[in-house]
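Visitor: Quick one: sequence plus predicted model below, questions after.
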There are 2 protein chains.
Amino acid sequence: MYELHFAAPMAGAILCTLNARHDSAMVSVLLSHSEAKVIFVDYQLLEIARRALDLLVESGREPPILVLVADSDSPSPSETYEYEGLLAMGTNGFEIRRPISEWDPISINYTSGTTSRPKGVVYSHRGAYLNTLATVLLHGMGAMPVYLWTVPMFHCNGWCLIWGMAAQGGTSICLRKVTPSGIFDNIVQHGVTHMGGAPTVLNMIVNSPVSDQKPLPHRVEVMTGGSPPPPQVLFKMEEMGFGVNHLYGLTETYGPGTYCTWKPEWDSLPLNERSKIKARQGVHHLGLDEVDIKNPETMESVPPDGKTIGEIMFRGNTVMSGYLKDSKATEEAFRGGWFHSGDLAVKHADNYIEIKDRLKDIIISGGENISTVEVETVLYSHPAVLEAAVVARPDDHWGQTPCAFVKLKDGFDVSHREIIEFCREHLPHYMAPKTVIFQDIPKTSTGKIQKFILRERAKALGSAISKI
Amino acid sequence: MYELHFAAPMAGAILCTLNARHDSAMVSVLLSHSEAKVIFVDYQLLEIARRALDLLVESGREPPILVLVADSDSPSPSETYEYEGLLAMGTNGFEIRRPISEWDPISINYTSGTTSRPKGVVYSHRGAYLNTLATVLLHGMGAMPVYLWTVPMFHCNGWCLIWGMAAQGGTSICLRKVTPSGIFDNIVQHGVTHMGGAPTVLNMIVNSPVSDQKPLPHRVEVMTGGSPPPPQVLFKMEEMGFGVNHLYGLTETYGPGTYCTWKPEWDSLPLNERSKIKARQGVHHLGLDEVDIKNPETMESVPPDGKTIGEIMFRGNTVMSGYLKDSKATEEAFRGGWFHSGDLAVKHADNYIEIKDRLKDIIISGGENISTVEVETVLYSHPAVLEAAVVARPDDHWGQTPCAFVKLKDGFDVSHREIIEFCREHLPHYMAPKTVIFQDIPKTSTGKIQKFILRERAKALGSAISKI
């Protein structure tokens, strides 16, 4: 995938990386929608790809050419085209087919599909170039960084860091499976300087068995996105020698769009304060024109008071060109001339932004807005909680009340009463969950919690009958 | 000047920084040519500016508004407009006047004037933005660098680092006068991480009295340009704790265009080898499309053999838009679709380029090309030589022969015979200087040796009559 990020554009083709966890049905839909001409398939995913191609043939469509990518431990190739063999057939005289316009597409990224109809987010050469430089700069990467990939390369072209690592002469360390021992072993063996880390990866690191851990040879910078690191996780990561940095963006912003630029004067604050500041999504990076928090109805900016909630909106070169073959969704996303993120946030006095919730996640209880992110932050600060997600549960009296799904750490046991009590101690009463359910939290392959599944489960519980 | 690099473009104006060493006549010519509306003048240069404005009035032109920039030690302001007072009159409600097109000019930089007619090099917003990011990256600057300015800010907008320091949240340390003790004191006091350094500045550092030197608190990265650091200078700089990096560019390329990206495998080479490699101008940075060495007649690329000499040519976003009001010079500079640098170079097998000479500096002796840079490198390796410059002297028999101007270090005394002998030991005989003259080397305010003056002097010596 790394090599093809250069080969495909240089051949005048457009990239379209697919999520490695899709099933054959989804793969066939995306191949058809993207009109892919060639599919490169890792040997471990060959059966899924073959079945997807069969599905295309069955529906009367022409399937793309399949090129098998073998590995040292794969069985001998049985496909017509095999990647290394194909490379050997190439000539050095091939002339690079450069884009005619810098706005020409370089890549299509299908959003992770928490909604029913996946959208193909189109990236331009111009946007990819600028987001690459900006992302390298916000990682604070000097020459020749060593990057450990826990961020999937199929996700926003690896936050544009596939190109970024080449730009900086970096070394990429790839893992077939992300495990704590794999992370520690590779950091030590290869002198990793930077890594990405979804919240689940940070969780995995801090809760890993001591036998899997190794002392770090130097400070390793971890960029986390998706949701901010809770204080306990931040503290343990720092104690282990990681520097934790927080960035924010969407597929539609080529991955990273803002980051919480750290100010030296914050270093001396107590952990809880630092954690609170680090949870902010911060300021836009150098490749973006502007990020703002606006009232989506009036398109007016909210005041920088840290209180007034609006929607995060982006504009600039590193915002997608649009959704492939979906002008309606594109227009909707760009109404008023700004890209609407669907995330609700406030703006602080120093212009740092802070997410309060997803537009569709916010809970309205007795007329009060409840930020599920704030409730989750409190849940994560409970020593027994490994993972937590809060959604709305229909309620006869309040309309909605918070329902918490919680996964406990191994060896811990607490009651739902204790969890609710704990939340009431740290939050206004109306914000504390009325329902607590202990179970595994469903997540996408990129580590995003699938709240739509939880919302269905909360709904299935039926209306709560609240005692006033 | 730093503040105005943001204020002027935000007001919709175009920057035009003038060399602080120009006299009133030159300043009046440039004010007239650039059609400047306002001139901001440091109090130390007030008399020169006033006289320049008088000259404009005398020739019937409207002079620009003069704004005095005072300092803590300046006499109380006597001008109508004074910078800080003017700022105090501003309103917070001022709306930024953004460029209409990213190709709109942001700055005009007059070339240092070694030729009679100064050319106004036009920079665009787009080019300045891209060169800023590329220059930050090639300096290996992380967040919040501390930069010591020995590169004048009027020179290519400080290699675009005025904007670059803001981009990275950096601290700028400015010196009214560049002295060894000033350099060492400020490094220690402010924790300088990066600095620029013309060859003369490196010379100044390594030859400074021990009493002026201070142990460095950490490795300080020095970017040098103009000419490569000779082995002795490189060795002493490294011994003192500086990292010396070599970049190359012209006013027409917004300052830095290429740099000698260092490969780790070169670290273990002996000093002379490292110095030889570090002397290369290297590869183009991330903001440029391409740099190539071409035959200016045929526009064909030279082979990467390290031998065939051609002219360095650039193309891409960080090449100037053109010369102000001089379409003839612009067309000439861009003939064949590439910017012609006037520098002669070879391309090595790894595509690193290496300058052999300025097109107009090359000496042709008995039909052989002599690179004055190569002769100068040998001269600099002589322990008694502080500065050296080689130009052509007319010769009855050979057409031209090399004539060396040499400045010796304090306390050293060698004869011109010894110098010639030394060169003959390290160079083919025909390349060794036939004439050696001991005197101060004339330089521009940016530390560039003024070879056109030396060529005049060599010419004034009359033709040498060579014995064969």
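Guide: That came in fine, so what should we check first?

Visitor: How about A:Pro41, nearest residue that isn't a chain neighbour?
Guide: Rather than Pro, residue A:41 is Val. A:Ala49 (4.2 Å; C-beta to C-beta, 6 or more residues apart in numbering or on different chains). Backbone N, C-alpha and C define where each C-beta goes, glycine included.

Visitor: Let me know how buried that neighbour is, in neighbour terms.
Guide: By other C-beta atoms under 10 Å in any protein chain shown, the residues close to A:Ala49 number 24.

Visitor: Mind exporting the C-alpha coordinates of the helix or strand that it is a member of to CSV?
Guide: A:Ala49 is located in helix A:46-58, with elements delineated by DSSP states H and E. Extracted in CSV, the C-alpha atoms of helix A:46-58 (Å, rounded to 0.1, in the frame of the first residue of the first chain):
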residue,chain,number,x,y,z
LEU,A,46,-7.7,-12.9,-1.0
GLU,A,47,-10.9,-14.9,-0.3
ILE,A,48,-12.9,-11.7,0.5
ALA,A,49,-11.7,-10.1,-2.7
ARG,A,50,-12.4,-13.1,-4.8
ARG,A,51,-15.9,-13.4,-3.5
ALA,A,52,-16.4,-9.6,-4.1
LEU,A,53,-15.3,-10.0,-7.7
ASP,A,54,-17.7,-13.0,-8.1
LEU,A,55,-20.5,-10.8,-6.8
LEU,A,56,-19.7,-8.2,-9.4
VAL,A,57,-19.7,-10.8,-12.2
GLU,A,58,-23.0,-12.3,-10.9
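
Visitor: Buried residues of that helix, list them for me.
Guide: By neighbour count on 16 or more other C-beta atoms under 10 Å in any protein chain shown, the buried set for helix A:46-58 is A:46, A:48-49, A:52-53, A:55-56.

Visitor: and what of stretch A:327-343?
Guide: Residues of stretch A:327-343 classed as buried by neighbour count (16+ other C-beta under 10 Å): A:330, A:333-334, A:338-341, A:343.

Visitor: Present the residues you listed as CSV; the columns should include pLDDT, distance to A:Pro63 and secondary structure.
Guide: Below are the buried residues of stretch A:327-343 laid out as CSV (pLDDT from 0 to 100; distance: C-beta to C-beta, whole Å; DSSP: H, G, I helix; E, B strand; the rest coil):
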residue, pLDDT, distance to A:Pro63, secondary structure
A:Thr330, 96, 28, helix
A:Ala333, 96, 31, helix
A:Phe334, 98, 34, coil
A:Trp338, 98, 39, coil
A:Phe339, 98, 34, strand
A:His340, 97, 36, strand
A:Ser341, 95, 36, strand
A:Asp343, 92, 38, strand
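
Visitor: Closest one of these to chain B?
Guide: Set against chain B, the nearest of the buried residues of stretch A:327-343 by C-beta to the nearest C-beta is A:Trp338 (16.2 Å).

Visitor: Need the three-state assignment for the nearest residue to the closest one once chain neighbours are set aside.
Guide: With sequence-adjacent residues excluded and distances taken as C-beta to C-beta, 6+ apart, A:Trp338 is closest to A:Met313, at 3.8 Å. A:Met313 carries the three-state label strand when classified by DSSP: H, G, I helix; E, B strand; the rest coil.

Visitor: burial count for A:Met313?
Guide: Neighbours around A:Met313, by other C-beta under 10 Å: 24.

Visitor: Quick check: it vs B:Ser227, distance?
Guide: As judged by C-beta to C-beta, to the nearest Å, A:Met313 and B:Ser227 stand 50 Å apart.

Visitor: Got the confidence number for the residue nearest to A:Val41?
Guide: At A:Ala49, the model reports a pLDDT of 97.

Visitor: wouldn't it be in contact with A:Leu66 here?
Guide: Yes: if you go by C-beta atoms under 8 Å, A:Ala49 and A:Leu66 touch, sitting 6.3 Å apart.

Visitor: Overlap in contacts, these two.
Guide: Taking C-beta atoms under 8 Å, 6 or more residues apart in numbering or on different chains as the criterion, A:Ala49 and A:Leu66 both touch A:39, A:41.

Visitor: low-confidence ranges in the stretch 301-450 of chain A?
Guide: Residues of the stretch 301-450 of chain A that meet the criterion pLDDT under 70 lie in A:446.

Visitor: how about the helices in it?
Guide: A:327-333, A:372-380, A:416-426 (DSSP state H, counting those that start in this stretch).

Visitor: contacting residues around the second one?
Guide: Contacts made with helix A:372-380 from outside it, assessed by C-beta under 8 Å, 6+ apart, are listed as A:227-228, A:230, A:232-233, A:279, A:355-358, A:361-363, A:385, A:388-391, A:402, A:404, A:406, A:419, A:422-423, A:426-427, A:431-433.

Visitor: Now, these that are in strands?
Guide: Per DSSP state E, strands hold the following members of the contacts of helix A:372-380: A:355-358, A:363, A:385, A:388-391, A:402, A:404, A:406.

Visitor: ok, and which of those residues reach chain B?
Guide: Checked against chain B using C-beta under 8 Å from any C-beta of the partner chain, the ones in strands among the contacts of helix A:372-380 give no members in range.

Visitor: For those, give me CSV that also has distance to A:Gln213 and neighbour count.
Guide: Formatted as CSV, the ones in strands among the contacts of helix A:372-380 follow (distance: C-beta to C-beta, whole Å; neighbours: other C-beta atoms under 10 Å in any protein chain shown):
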residue, distance to A:Gln213, neighbour count
A:Ile355, 31, 22
A:Lys356, 35, 22
A:Asp357, 34, 21
A:Arg358, 34, 16
A:Ile363, 38, 25
A:Val385, 21, 22
A:Ala388, 24, 25
A:Ala389, 27, 25
A:Val390, 31, 30
A:Val391, 34, 24
A:Pro402, 35, 28
A:Ala404, 30, 28
A:Val406, 25, 24
